[in-house]
Structures are given as structure tokens and as C-alpha cells.
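Student: just a sequence and a predicted model for now, questions to come.
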Amino acid sequence: MKIAVLSGKGGTGKTLVSVNLAAVAREAIYMDCDVEEPNGHLFFRPKNIKTEKVSVRIPYADETLCNGCRKCLDFCKFNALAFIINKPIVFDDVCHSCGGCVLLCPQKALSEREKIIGEVQRGVSENVAVITGILNTGETSGIPVIKKLLNDVPAEADLIFIDCPPGSACIVIESIKDADYCILVAEPTLFGVHNLNMVHELIRLFDKPHGVVLNKCLEGENPAEKFCMEKGIQILARIPFDKELGKLNSDALIAARENQRYRELFFSLLQTVTKEVGYETVTNP
Ligand SMILES: Nc1ncnc2c1ncn2[C@@H]1O[C@H](COP(=O)(O)OP(=O)(O)OP(=O)(O)O)[C@@H](O)[C@H]1O
Ligand code: SF4
Ligand code: SF4
């Protein structure tokens with residue numbers, strides 16, 4: 001069961017929600033797909049970390065074989081190739097590693113080399129297997145790292161919480177593609193509603209079952225709540241804007257492991273979500 005946690009902007013509480021849900025489950029995988037800035041591991045401090053590099057294949061040309069036909073340039077829809085001094089050169093950052101130009105070259109002048117763009121770290125923190133994707137600084141696309149994370153899920157995995165990147169770009173689409181359920185985290189501001197609307201449209205495109213966690217709730221009217229009512233979106237939980245929670249977070253502590261009130265709140269959210277997806281929650285000891 002894959003449960004993706006996402007929001008239209010950064011800082012709404014995706015990590016808070018996904019980390020704490022994994023922490024209150026009997027056994028779970030926490031998967032950090034926010035590969036440009038993964039931070040869930042700071043809370044879990046996983047042990048026995050194993051690291052695996054992630055690479056992509058980038059073509060390069062052998063000028064002694066190339067006859068300058070330029071078929072590769074015409075073929076590449078990403079404009080990742082240019083012709084400079086009678087030789088195609090490849091712009092690594094734009095290349096999508098589709099391999100098409102290599103297959104197509106009539107002279108067999110193009111080959112591929114591996115380029116490391118990031119890594120996946122796997123470790124354990126009590127009841128949670130912590131899997132973190134890390135994109136190297138300066139790399140433009142984290143999609144290959146996310147693919148690696150999602151393709152190499154341990155066979156025995158039961159409950160997986162995916163901490164998604166912020167926004168609604170292709171990197172988010174990659175993260176939620178196989179999700180069985182999406183939790184949208186929203187802030188109680190007009191800006192929060194705008195961003196909630198964006199991700200709501202996205203998950204509707206993919207026809208994903210979903211619900212909203214209203215985070216940082218204050219006294220008085222909550223525009224995000226009003227939006228959910230108007231659209232008929234299920235509200236899964238309301239988390240108050242709470243100094244103590246902010247303090248626990250900034251000390252890199254997991255609220256549900258430190259505080260009974262938050263343990264109960266996140267366990268109740270876990271039960272609501274797992275019920276939605278038809279998965280039986282085993283009571284947390
Ligand atoms: N209910 C809350 N009360 C007080 N502070 C909160 C609450 N929820 C989140 N925060 C604070 O807001 C900040 C952002 O939270 P968090 O890192 O979970 O968001 P995020 O959506 O994962 O952000 P990013 O997209 O940048 O990874 C953190 O400093 C956290 O302590
Ligand atoms: S398709 Fe092959 S032969 Fe033609 S320009 Fe490209 S690398 Fe050279
Ligand atoms: S591998 Fe694909 S994206 Fe990269 S240069 Fe060749 S055709 Fe373009």
C-alpha cells in the first residue's frame with residue numbers, strides 16, 4: 001500500500017505528516033522522494049545505512065565514425081545535441097537518456113557513458129525502514145532517482161509513505177504515479193488554498209483516491225477547510241498550529257515518538273487513511 005503525501009508548496013508539513021504516520025505504524029517504509037532536499041532522515045536518524053549510486057546514460061560521439069549527417073540532431077526532441085566543429089556534442093543537463101540517438105545513428109558513432117547523478121540511502125529506525133533519494137547538487141532532474149526509489153521497494157513492504165517534492169511538476173507526478181492513496185497537506189491561508197487547488201487538480205487527473213490534512217490550523221475561519229467543503233473533499237485530520245510541535249520539529253524529534261497527544265493524533269490519521277484504502281491497521285504497541 002503506497003500512500004503519497006504531497007502539497008502544492010514547500011513548508012506545509014509533508015515531512016511532518018509522512019514521518020509521523022510511518023512512526024505510528026506497526027511497521028512501515030518511509031520513502032523520501034523530495035530528492036532535491038530530503039530531510040526525513042534527519043528525524044529518523046537511520047542506522048545501518050547502505051548507499052547505492054544512481055546513474056543515467058549519456059551519449060557521446062566518436063568523431064572518427066561520424067559522417068555529419070545530423071540525423072541525431074533532428075531526432076532529439078529535447079534539443080540535447082548540437083553540432084560543433086563537425087562533431088555532435090551532448091548537453092548532459094538536457095539529455096533525457098532515452099537512448100534514441102544511439103540506436104538511430106547509421107554510422108554507430110554514438111555510444112553511452114554512465115553519469116552518476118545521485119544516490120539512494122537505505123537504513124532502519126526502530127519500526128521504520130528509511131529510504132532516502134538524494135540528487136547531487138547541480139543536477140537538473142531528480143526523476144531517475146525517484147524511479148530508482150520506487151522500483152526497488154522491498155518485496156515484503158506493506159505500508160509505504162512517500163514524502164513527495166513540493167509543487168505539481170513532473171517530479172511530483174513521478175512520485176505519486178503508483179500511489180494507492182494521496183494525502184494533500186494544506187495550510188489555512190489563501191495562498192495555501194491556491195496551492196491545494198493545484199495539487200487537487202493534479203491528483204484528479206490521475207484519478208487518485210485522496211483526502212486533505214489541514215495543518216497549522218488556527219482559531220477562526222480556515223479557507224482551506226472552506227475549499228474542501230465546497231469541493232466535497234474529505235478532511236482526514238486537523239493539526240493545530242502548535243509551538244510545541246514546531247519546537248519538536250526544529251530539534252529534529254519525531255512528535256509521535258515524544259508526545260502522547262501527537263501519537264494519538266497521527267495514529268487516528270493512520271487509521272482513517274488505512275480504512276480509506278481498505279488496509280487493516282494493526283494496533284501500534
Ligand atoms: N502544525 C504545526 N505547528 C507548528 N509548526 C509546524 C506545524 N507543521 C509544520 N510546522 C513547521 O513548518 C515547517 C515545515 O514543515 P515540514 O518540513 O514538515 O514541511 P514540508 O512540506 O515537508 O516542507 P518541504 O516541502 O520544504 O520539505 C517546519 O519548520 C515545521 O516545524
Ligand atoms: S547520426 Fe551519427 S553520423 Fe549522423 S551526425 Fe549524428 S553521430 Fe554523426
Ligand atoms: S539520448 Fe535521447 S535525449 Fe539524450 S541526446 Fe540522445 S536523443 Fe536526445
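Tutor: Everything's here; your move. Being a predicted model, the structure only gives us computed values, none of them experimental. Numbers count the residues shown, from 1 in each chain. Ligands and ions are numbered 1, 2, ... in the order given.
Student: assign a three-state SS to Pro88, would you?
Tutor: Here Pro88 is recorded as strand under DSSP: H, G, I helix; E, B strand; the rest coil.
Student: dump the residue contacts of Asn136.
Tutor: Listed by CB atoms under 8 Å, 6 or more residues apart in numbering, the contact set of Asn136 reads 116-119. In this view, the C-beta of every residue, glycine as well, is placed from N, C-alpha and C.
Student: contact residues of the protein facing ligand 3?
Tutor: Within the chain, the positions near ligand 3 by CB under 6 Å from any ligand atom are 59, 75-76, 78, 80-81, 90, 95-101.
Student: is there proximity between stretch 169-182 and ligand 1?
Tutor: No - judged by CB under 6 Å from any ligand atom, stretch 169-182 makes no contact with ligand 1; its nearest approach is 10.8 Å.
Student: how close does the nearest residue to Phe206 once chain neighbours are set aside sit to ligand 2?
Tutor: Leaving aside its chain neighbours, Phe206 sits nearest to Ile176 (6.6 Å; criterion: CB to CB, 6 or more residues apart in numbering). Plainly put, Ile176 is 37 Å away from ligand 2 if you go by CB to the nearest ligand atom, to the nearest Å.
Student: swap in Gly133?
Tutor: Gly133 is 33 Å from ligand 2, by CB to the nearest ligand atom.
Student: and what of Ile85?
Tutor: Note on Ile85: its distance to ligand 2, by CB to the nearest ligand atom, is 13 Å.
Student: check Ala22 too.
Tutor: To ligand 2, Ala22 is 48 Å away according to CB to the nearest ligand atom.
Student: tally of neighbours for that residue?
Tutor: By other CB atoms under 10 Å, 31 other residues sit near Ala22.
Student: follow-up on the earlier one: show me which of the residues of the chain next to ligand 3 is closest to ligand 1.
Tutor: His96 (25.1 Å; CB to the nearest ligand atom).
Student: can you classify that closest one as helix, strand or coil?
Tutor: Assignment for His96 (three-state DSSP): coil.
Student: can you give me the distance of it to Glu201?
Tutor: Distance, His96 to Glu201, using CB to CB, to the nearest Å: 25 Å.
Student: these two: which is more packed in?
Tutor: His96 (14 against 11).
Student: quick one: contacts for the nearest residue to Cys66 once chain neighbours are set aside?
Tutor: The spatially closest residue to Cys66, leaving aside those adjacent along the chain, is Ala109, at 4.1 Å (CB to CB, 6+ apart). For Ala109, the contact set (CB under 8 Å, 6+ apart) comprises 61-63, 65-67.
Student: out of those residues, which are buried?
Tutor: 61, 66 (16 or more other CB atoms under 10 Å).
Student: mind checking which of the contacts of Ala109 land in strands?
Tutor: Among the contacts of Ala109, the ones falling in strands (DSSP state E) are Ala61.
Student: can you list the contacts of Ala109 in TSV and add pLDDT and distance to ligand 2?
Tutor: Output for the contacts of Ala109, formatted as TSV (pLDDT from 0 to 100; distance: CB to the nearest ligand atom, whole Å):
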residue	pLDDT	distance to ligand 2
Ala61	89	5
Asp62	90	8
Glu63	88	8
Leu65	92	7
Cys66	92	3
Asn67	90	5
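Student: point out where this structure drops to low pLDDT.
Tutor: 280-285 (pLDDT under 70).
Student: how does it look with 50?
Tutor: Across the chain, the ranges flagged by pLDDT under 50 are 285.
Student: tell me the domain ranges of it?
Tutor: 2-54+118-276, 56-116 (automatic domain parsing).
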